[in-house]
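>>> A predicted structure for the sequence below; I have some questions about it.
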Amino acid sequence: MRSCVRTARSLLQGWRTHAVRPNGFTLTRFGHERIVLRRYAQAFRAQSDLEKRIAQIPIDRYRNFCIVAHVDHGKSTLSDRLLELTGTIQPGGNKQILDKLDVERERGITVKAQTCTMIYNYKGDDYLLHLVDTPGHVDFRAEVSRSYASCGGALLLVDASQGVQAQTVANFYLAFAQGLTLVPVINKIDLPHADPPRVLEQMRDTFELDPEKAILVSAKTGINVEALLPSVVELIPHPVGDLAKPLRLLLVDSWYDVYKGVVLLVRIFDGQVRAGDTVRSFATGLKYIVGEVGIMHPDQTPQTVLKAGQVGYIHFNPGMKKSQEAKVGDTYTTVGSEKLVEPYPGFEEPKSMVFVAAFPVDQDNYEHMEESIQQYILNDRSVTVQKESSDALGAGWRLGFLGTLHCSVFEDRLRQEHGASIIITPPSVPFKVVWKDGIEQIISNPNDFPDQDKHHMNVAEVHEPYVSATITFPDEYLGKIIELCEANRGIQKELTFFTATQVILKYDLPLSHLVDDFFGKLKGATKGYASLDYEDAGFRKSNISKLNLLVNGAPVDAVSRILHQSQLDRVGRAWVEKFKEHVDRQMFEVVIQAAVGRRIVARATIKPYRKDVLAKLHASDLSRRRKLLEKQKEGRKKLRAVGSVVIEQEAFQSFLAK
């Protein structure tokens, strides 16, 4: 026993550690041996003035809040004013600092929730404020619900001229269900047609929010914005967390960095995390060494430590390479504390509601475009990708999106950021087929849908997805909107006058009609005054068939669609006429048909080029004339039998273009 103790003591005396070398290696001496160890994460760094200031702030002076509103009610502009007030950014600089994507700045919309940490001095004390600027469009609701998990309250922003709109209603109920404290804010009070008393009355009637607690501001001109932060401090509760407990952090969001790998946006509930810690994911069971922790101020600002109650970013060293490993709603803790920590109840991954097929304009660009799509989905995991091929358009992909705006943003970003030229087919939605043996199958590709003539004996029933739509608009458009909803097979659920002139109308609509530019038709019918919000309402039994486009009897796979029985004839006729315009004449007759199984719904014929074989004949030679015409007729039959219709790529592009 004594000899063991002596040996251990001599071993410990022989171990000496030298300083960290600049090249990132640690040199150690063990007796006469020299060992070189790779240093993966440096745990010690000098504290900046900002960090020293943050270290002095206790958890009861933290406030985590988000701004939620309908599209174009001024969330990003208000975020800029708050960042300027707290000295996080310089006044008069970049507009919409938290909108980082080109498409966000161009369209004036927020696509991805962006975060920023600010320090605000109130009555002589420093407060650490964490702000989340969320998207306003219904397609990006998953971003909003994720943001709520990291916050204790929300500023419910309403435009003083537009009033309460559909997405305002949806965000209110989403925040209310999660128990967030809501601070009502009326924006754009400087506009000539602003009507704050009417909007305050709407908020009281619709949400039962006290109008006296509402703050009236103009984010653009900065009027009264300074009154917001004291209200945030006084009304929104501070986060709860215990520094002494083992680490428990929630993954709120992630994005990909070329140099650092996947960067995680996290909310710390208990404990603390610093560079050098080894953490484990509950969802995947994988271990990682933390390479850097920090806050968004407004860009990534490294810190020594992130504590309970804070929201910040972490990345690993070696980096997390696959964004699929970063599962939103996952809980992380330090290795060894797995049994002491209860995982946070996770979120559901967002479901794809709209599917399109995408093909490169030139098949030579297939590899470049595949690389571009893979880079895109590193930062947007809500896009689903499957490979697909078409006889007409070549190799491509079937892509799933949260909605039609999400699809449109994807197309814009692919063109702007990667220079990709792309053909996108009309959007389709997933259908559920129940076979007679009881098996249920979800089909998102129209080409996989069972044909009426081949498979209908084996199909028990077909179900299509529905959504619960909430439409808000002025009462003068009530008749037009009911007419539009009824024409799109809507089922009315509720009709409420929430003020003397504003109406909330609730309808159950088939998702296939909603993605067929329903929002555009709604805006057209109401001169842009209507707003729309929707949520999934499950599948319902329906009379659904597949419409095929045939050219000389052969189906064109790129343009088949799944439609309700009531739409088949109308869409079939429109398709045939439109496709006829884009197909070139051939040396033989081309027949274009729209067919449902064996039933032909519509037909158009493109006449062939015709050589005048009678030009050399004398007018009186009737038998010779008849003989030449018969010979030409036979030749045409033979040509039609062996000839295939050549349809140029441009024809498909023009046909599929909106």
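Cool, the structure landed.

>>> just the strands in the stretch 401-550 of the chain please.
422-424, 431-435, 440-443, 459-474, 491-497, 502-510, 531-542, 544-551 (DSSP state E, counting those that start in this stretch).

>>> Would you mind listing the buried residues in the second one?
Buried residues in strand 431-435, counting neighbours by 16 or more other Cβ atoms under 10 Å, are found at F431, K432, V433, V434. Placement of C-beta: from N, CA and C, glycine included.

>>> Run a quick neighbour tally on the spatially closest residue to the second one that is not a sequence neighbour.
The shortest distance from K432 to any residue that is not its chain neighbour, by Cβ to Cβ, 6 or more residues apart in numbering, is 4.1 Å, and that residue is H463. As a burial measure, the neighbour count of H463 was computed by other Cβ atoms under 10 Å and equals 18.

>>> Could you check how far H463 is from T404?
Separation of H463 from T404 (Cβ to Cβ, to the nearest Å): 22 Å.

>>> swap in L286?
L286 is 36 Å from T404, by Cβ to Cβ.

>>> Buried residues, stretch 227-244. List them.
Neighbour-count burial for stretch 227-244 [16+ other Cβ under 10 Å]: L228, L229, S231, V232, V233, I236, H238, P239, G241.

>>> got it, and stretch 287-303?
In stretch 287-303, counting by 16+ other Cβ under 10 Å, buried: Y288, V290, G291, E292, V293, G294, I295, M296, H297, P298, Q303.

>>> Who does the helix or strand where the first one lies pair with, and is each partner parallel or antiparallel?
This means Y288. Y288 is part of strand 287-296, with elements assigned from DSSP states H and E. Sheet pairing for strand 287-296, assigned by DSSP bridges, gives strand 278-281 (antiparallel), strand 300-303 (antiparallel), strand 311-316 (antiparallel).

>>> and those strands, which one is worst for confidence?
Across the strands paired with strand 287-296, strand 300-303 has the smallest mean pLDDT, namely a mean of 87.

>>> Following the chain onward from that one, which element is next?
strand 305-307.

>>> Shouldn't M118 be within a helix?
No - assessed by DSSP: H, G, I helix; E, B strand; the rest coil, M118 does not belong to a helix; its assignment is strand.

>>> neighbours around it, how many?
22.

>>> which residues sit in contact with it?
L82, L83, T86, T88, L128, L129, H130, L131, H297 (Cβ atoms under 8 Å, 6 or more residues apart in numbering).

>>> how near is S542 to W575?
21 Å.

>>> oh sorry, the question was meant for T526
29 Å.

>>> repeat for Q386
Going from Q386 to W575 by Cβ to Cβ gives 25 Å.

>>> cool, and S337?
61 Å.

>>> what do you get for D569?
D569 is 11 Å from W575, by Cβ to Cβ.

>>> what's the answer for H73, then?
Taken as Cβ to Cβ, the span from H73 to W575 is 39 Å.

>>> tell me which element the closest residue to I422 other than its chain neighbours falls in.
Leaving aside its chain neighbours, I422 sits nearest to A358 (5.5 Å; criterion: Cβ to Cβ, 6+ apart). According to DSSP H and E, A358 maps onto strand 354-360.

>>> And the next helix or strand past that strand?
helix 366-379.

>>> Run through who's touching stretch 387-401.
Contacts of stretch 387-401 (Cβ under 8 Å, 6+ apart): 139, 352-360, 363, 366, 370, 373, 382-386, 407, 410, 423, 444-445, 556-559, 647, 649, 652.

>>> Just the buried subset of these, please.
Using 16+ other Cβ under 10 Å, the buried ones in the contacts of stretch 387-401 are 139, 352-360, 370, 373, 382-384, 407, 410, 423, 444-445, 556-559, 647, 652.

>>> Just give the number of residues close to the residue nearest to T331 when sequence neighbours are not counted.
Nearest residue to T331, sequence neighbours excluded (Cβ to Cβ, 6+ apart): P343, at 4.1 Å. P343 has 16 neighbouring residues, counting by other Cβ under 10 Å.

>>> Could you confirm P343 falls within a strand?
No - counting by three-state DSSP, P343 is located in no strand; its state is coil.

>>> so it makes contact with F282?
Yes - in terms of Cβ atoms under 8 Å, P343 counts as a neighbour of F282; the distance is 4.4 Å.

>>> who touches both of the two?
Common contacts of P343 and F282, defined by Cβ under 8 Å, 6+ apart, comprise T331.

>>> Break this protein down into its domains, please.
The chain breaks down into these domains under the TED database: 49-235, 248-334, 354-424, 431-542, 546-656.

>>> show me where pLDDT drops low in the stretch 501-650 of the chain?
The model of the stretch 501-650 of the chain has pLDDT under 70 over residues 587, 609-615, 618-620, 636-650.

>>> Could you rerun that using 80?
Within the stretch 501-650 of the chain, the stretches with pLDDT under 80 are 501, 527-529, 531, 533, 553-554, 556-559, 582-589, 607-625, 628-629, 631-650.

>>> ranges for the helices of it?
511-514, 518-525, 568-582, 622-642, 649-656 (DSSP state H, counting those that start in this stretch).

>>> and of those, who's closest to E589?
Closest to E589 of the helices of the stretch 501-650 of the chain is helix 622-642 (Cβ to Cβ; 6.5 Å).

>>> before we move on, back to that, help me confirm that the residue nearest to K432 comes into contact with S542.
Yes - at 6.5 Å, H463 counts as touching S542 under the criterion of Cβ under 8 Å.

>>> Spit out the contact partners of L505.
So L505 contacts T470, I471, T472, F473, L478, I481, I482, C485, Q492, E494, L495, T496 (Cβ under 8 Å, 6+ apart).

>>> Swap in 10 Å and give it another go.
L505 makes contact with 166, 469-473, 477-478, 481-482, 485, 490, 492-496, 530, according to Cβ atoms under 10 Å, 6 or more residues apart in numbering.

>>> State the distance from it to G490.
Counting by Cβ to Cβ - L505 and G490 are separated by 10 Å.

>>> Check I236 too.
Where G490 is concerned, I236 sits at a distance of 39 Å (Cβ to Cβ).

>>> Report the beta-bridge partners for the residue nearest to K432.
K432, K541.

>>> Give me the distance between it and V429.
Taken as Cβ to Cβ, the span from H463 to V429 is 11 Å.

>>> and if you look at P211?
Counting by Cβ to Cβ, the gap from P211 to V429 is 41 Å.

>>> same thing with T88?
From T88 to V429 the distance is 43 Å (Cβ to Cβ).

>>> on that earlier part again, same drill for S337 and W575, tell me which one is more crowded.
Shown here are S337 and W575; by other Cβ under 10 Å, W575 has more neighbours (21 against 16).

>>> Report how many residues lie close to the nearest residue to the more buried one once chain neighbours are set aside.
Spatial nearest neighbour of W575, excluding adjacent residues (Cβ to Cβ, 6+ apart): A594 at 5.4 Å. When counting by other Cβ under 10 Å, one arrives at 26 neighbours for A594.

>>> Could I get the contacting residues of the spatially closest residue to G241 that is not a sequence neighbour?
Once flanking residues are discounted, G241 sits nearest to A308: 2.9 Å by Cβ to Cβ, 6+ apart. Contacts for A308 (Cβ under 10 Å, 6+ apart) come out as 59, 62, 239-245, 247-249, 267-273.

>>> Ok, R198 next?
R198 touches A160, S161, G163, V164, T499, A500, T501, Q502, counting by Cβ under 10 Å, 6+ apart.

>>> And Y127, by the same measure?
With contacts defined as Cβ under 10 Å, 6+ apart, the neighbours of Y127 are 57, 60-63, 86, 118-121, 229-230, 232-233, 238.

>>> give me that answer again for 8 Å
By Cβ under 8 Å, 6+ apart, the contact set of Y127 is I57, R61, Y62, R63, I119, Y120, N121, V233.

>>> Of those residues, just say which sits nearest to G152.
Comparing the contacts of Y127 against G152 with Cβ to Cβ places R63 closest, at 7.0 Å.
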